[in-house]
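Chemist: I'll drop the sequence and a predicted model, then ask my questions.
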2 protein chains.
Amino acid sequence: MTTRGGLDLGGTKIQAVVVDDANAVVGEARHPTPTSGGPQDVADAMAAALREAATAAGVETAALGGVGVGSPGAIDTAAGTVGQARNLPDWEGVFPLADALSQLLGTRVALGNDVDVATDAEVVLGAGRGAASLLGVFWGTGVGGGVVLGGRMWRGVGAAGEIGHMVVKQGGARCPCGRRGCMEAYAGRGAMEARARKRHEDGEKTDLFHLMKKHDRPRLTSGIWARALAHEDKLAIELVDDAVEALGTGVASAVNLLDVEVVVLGGGLGLRLGEPYRERIVQAMHPHLFNDDRPPDVRLAELGDLGGAVGAALLVA
Amino acid sequence: MTTRGGLDLGGTKIQAVVVDDANAVVGEARHPTPTSGGPQDVADAMAAALREAATAAGVETAALGGVGVGSPGAIDTAAGTVGQARNLPDWEGVFPLADALSQLLGTRVALGNDVDVATDAEVVLGAGRGAASLLGVFWGTGVGGGVVLGGRMWRGVGAAGEIGHMVVKQGGARCPCGRRGCMEAYAGRGAMEARARKRHEDGEKTDLFHLMKKHDRPRLTSGIWARALAHEDKLAIELVDDAVEALGTGVASAVNLLDVEVVVLGGGLGLRLGEPYRERIVQAMHPHLFNDDRPPDVRLAELGDLGGAVGAALLVA
């Protein structure tokens, strides 16, 4: 049996897995992403997470058939480098992440885009099995998109899939990217938190920040949003309604352009809010779908939190 | 030498060409699309146009190597049928257009989607030569889109390319398709005319309808819009500004999703307004492009009015 490693590098956590020949997870570990230091510190933390997953699986990292990494930022897969990773600490310029990890782990390392590997995991092993064309929509801190056409990941000139920055409202709200009216300006958890904070500071009542403190969270996590919705917090309901509306509009626009068979909904908020919100997004898409008599099949991602790491391990399959 | 025929079926005109082995046009004819009757009358008018083009080329239609047809509506290429052609007179249900034309012309007939064949013409013979990925944007009565990825036309489940029905403004203007906020609701010549008419009836001053009557046009053609802009007609300027803004927003959204190399701008208004408006659309895209340091190359379509018919002839190459 050959085992392989997978690492999903996020802005808040590093998820590591070790999988077997059948892509079943035989070891896993999760570490927080360092909030200070630089790329080498991030690489060290990633290596530590993977070592822990390997120990759980009963293997040495040097004995792995390889390690795949899903990373944010601008990935050069051939060079094994990551640049423009603005959610990671002090990540100036371009860092040779594959080489750094390979030295630390004693095995070959392959890099991929975080959203692409999570989409690929769903296509190969999850909710997208059998679909010839698919849009992965990852509803989390931002809104990421993976585009699979004719069974293959479509990268365009190199950065396709920025579904979160499709415009849903000309002249609309300011997005964390600096532009106006992007889907992510309404649906990204980062933008939602900024808006909630501003309105709370302006005197609006909400339990969101009380729940955040009570559960000792540094930010409004998906779990905090879910709790606030369960408490029928008025501001939370309104902001999540806006997010659902923006997702419905933007995903329907993408479907009008690409006419894909399947949409897979994942990401922290997508997974946490689950089936009732999948249904609400389907309803929000409907008024904007050009072929509304045959909408795409919208499915929840099946691989959960481990999807990114398992998809990364597919890079070295 | 083998000659082939091409027919571009539009809501207002039927364009016919005969091309030689090098796809050079050796005969052409243009007839108005019948405004009454039904599909068989349209087929008769198409056959008449092609016979005239064949006569100009010095060939019999039965001696052509085949005839390609670009049609609006829902095309079944295998069955040779056209349905849902709402811009054509009394086109109820599904009509076997390929068979009807084949009987009238004495040669084989292949059907394609009108926007796809026009896009293909630009890819093979026009502004899109050499591009591995391309978006054709046809700015006319509606706004049609052709998607070429990895050198091949992307059709999705069957109806990809509805770029005109990507949403640019949630809750925005009513589109001729019945939905709200579509790009076409602002940029389609049909929607623009409806809005101009309403505002003129409500008392706003404009020369648009005066120019239309003076030049004996049944509607606000691209030429009428161009004249009104040249006259600095305030309402025309405002509505065209809105169209440019919507095109910039919608095309940028499509580019954020697909990261194509090239955008080809065609269609009646696109061709008529030409280079200055290509530049304005580039400027309108810029604030919405996620990778604004390397925008796609936006080019004017090169094949002009004949692009659709020449592209149709490629169906039987």
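Modeler: Yep, it's here. Every value quoted in this text rests on a predicted model; they were computed, and no experiment measured them. Residues are numbered from 1 along each chain as shown, chains lettered A, B, ... in the order given.

Chemist: Quick check: pLDDT value at the single nearest residue of the stretch 51-200 of chain A relative to chain B.
Modeler: Closest to chain B within the stretch 51-200 of chain A is A:G156: 2.6 Å, counting by Cβ to the nearest Cβ. From N, CA and C alone the C-beta is placed, and that goes for glycine too. The model reports A:G156 with a pLDDT of 96.

Chemist: Quick check: it is in a helix.
Modeler: No - going by DSSP: H, G, I helix; E, B strand; the rest coil, the assignment for A:G156 is coil, not a helix.

Chemist: Next up, the contacts around it.
Modeler: Contact analysis of A:G156 by Cβ atoms under 8 Å, 6 or more residues apart in numbering or on different chains lists B:133, B:258-261.

Chemist: residue ranges for the helices of the stretch 201-317 of chain A, please.
Modeler: Counting by DSSP state H, counting those that start in this stretch, the stretch 201-317 of chain A has helices at residues A:208-214, A:222-230, A:234-258, A:267-285, A:307-314.

Chemist: Pull the last one out as CSV, backbone CA atoms only.
Modeler: Okay, so that is helix A:307-314. Extracted C-alpha coordinates of helix A:307-314, given in CSV (Å, rounded to 0.1, in the frame of the first residue of the first chain):
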residue,chain,number,x,y,z
GLY,A,307,-12.3,18.1,1.1
GLY,A,308,-9.4,20.5,0.5
ALA,A,309,-6.8,18.2,2.1
VAL,A,310,-8.1,15.1,0.4
GLY,A,311,-8.2,16.9,-3.0
ALA,A,312,-4.6,18.1,-2.4
ALA,A,313,-3.6,14.5,-1.9
LEU,A,314,-5.1,13.8,-5.4
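
Chemist: so it versus helix A:267-285, what angle?
Modeler: On the basis of axes from the mean of the first three to the mean of the last three Cα atoms, to 10 degrees, helix A:307-314 is oriented at 110 degrees to helix A:267-285.

Chemist: Then the second one?
Modeler: Between the axes of helix A:222-230 and helix A:267-285, defined by the same axes, to 10 degrees, the angle is 50 degrees.

Chemist: Quick check: mean pLDDT of helix A:222-230?
Modeler: Here the average pLDDT along helix A:222-230 is 97.

Chemist: what does the helix or strand of chain A with the lowest mean pLDDT rub up against?
Modeler: Of all helical and strand segments in chain A, the minimum by mean pLDDT, DSSP states H and E falls on strand A:74-76, at a mean of 91. Residues from elsewhere that reach strand A:74-76, judged by Cβ under 8 Å, 6+ apart: A:81-85, A:94, A:111-113, A:158-159.

Chemist: Tell me the pLDDT of A:A54.
Modeler: A:A54 is given a pLDDT of 98.

Chemist: Mind telling me what element it is part of?
Modeler: A:A54 belongs to helix A:39-57 when assigned by DSSP states H and E.

Chemist: And that helix, how far out from the chain middle?
Modeler: The chain centre lies 20 Å from the centre of helix A:39-57; the measure is Cα atoms, centre = their mean, to the nearest Å.

Chemist: Equivalent analysis for stretch A:148-161, please.
Modeler: Distance, centroid of stretch A:148-161 to centroid of chain: 16 Å (Cα atoms, centre = their mean).

Chemist: and what of stretch A:49-64?
Modeler: So, by Cα atoms, centre = their mean, the centroid of stretch A:49-64 is 24 Å from its chain's centroid.

Chemist: Would you mark the buried spots in that stretch?
Modeler: Of all the residues in stretch A:49-64, those buried under the rule 16 or more other Cβ atoms under 10 Å in any protein chain shown are A:49-54, A:56-57, A:59, A:61, A:64.

Chemist: and the end-to-end length of it?
Modeler: 14 Å (Cα to Cα, to the nearest Å).

Chemist: Would you mind listing the residues in contact with A:S253?
Modeler: A:166, A:168, A:288, B:165-167, B:253.

Chemist: how about the residues of the stretch 1-150 of chain A near chain B?
Modeler: Applying Cβ under 8 Å from any Cβ of the partner chain, we find that the stretch 1-150 of chain A lies next to chain B at A:133, A:145, A:147, A:149-150.

Chemist: Which residue does the stretch 201-317 of chain A have closest to chain B?
Modeler: A:D259 (2.6 Å).

Chemist: Tell me the one of the buried residues of stretch A:49-64 nearest B:G178?
Modeler: A:A49 (51.8 Å; Cβ to Cβ).

Chemist: where's that closest one relative to A:V18, distance?
Modeler: 11 Å (Cβ to Cβ, to the nearest Å).

Chemist: How about A:G270?
Modeler: For A:G270, the distance to A:V18 - Cβ to Cβ - is 26 Å.

Chemist: Give me the more crowded residue out of these two.
Modeler: Neighbours were tallied for A:G270 and for A:V18 using other Cβ atoms under 10 Å in any protein chain shown; the higher tally belongs to A:V18 (28 against 23).

Chemist: Show the pLDDT at A:G5.
Modeler: 98.

Chemist: Show me the contact partners of the helix or strand hosting it.
Modeler: Assessed by DSSP H and E, A:G5 sits inside strand A:4-9. With contact meaning Cβ under 8 Å, 6+ apart, strand A:4-9 is reached by A:14-19, A:33, A:42, A:46, A:49-50, A:53-54, A:61, A:64-72, A:88, A:101, A:105, A:107, A:114, A:117-118, A:308-317.

Chemist: Weed out the non-buried ones from these.
Modeler: The neighbour-count test (16+ other Cβ under 10 Å) marks A:14-19, A:33, A:42, A:46, A:49-50, A:53-54, A:61, A:64-72, A:88, A:101, A:105, A:107, A:114, A:117-118, A:308-316 as buried among those.

Chemist: Report whether A:N23 is found in a strand, as I expect.
Modeler: No - according to three-state DSSP, A:N23 belongs to no strand; its state is coil.

Chemist: My guess is it contacts A:V316. True?
Modeler: No - A:N23 is not in contact with A:V316 according to Cβ atoms under 8 Å; the separation is 11.4 Å.
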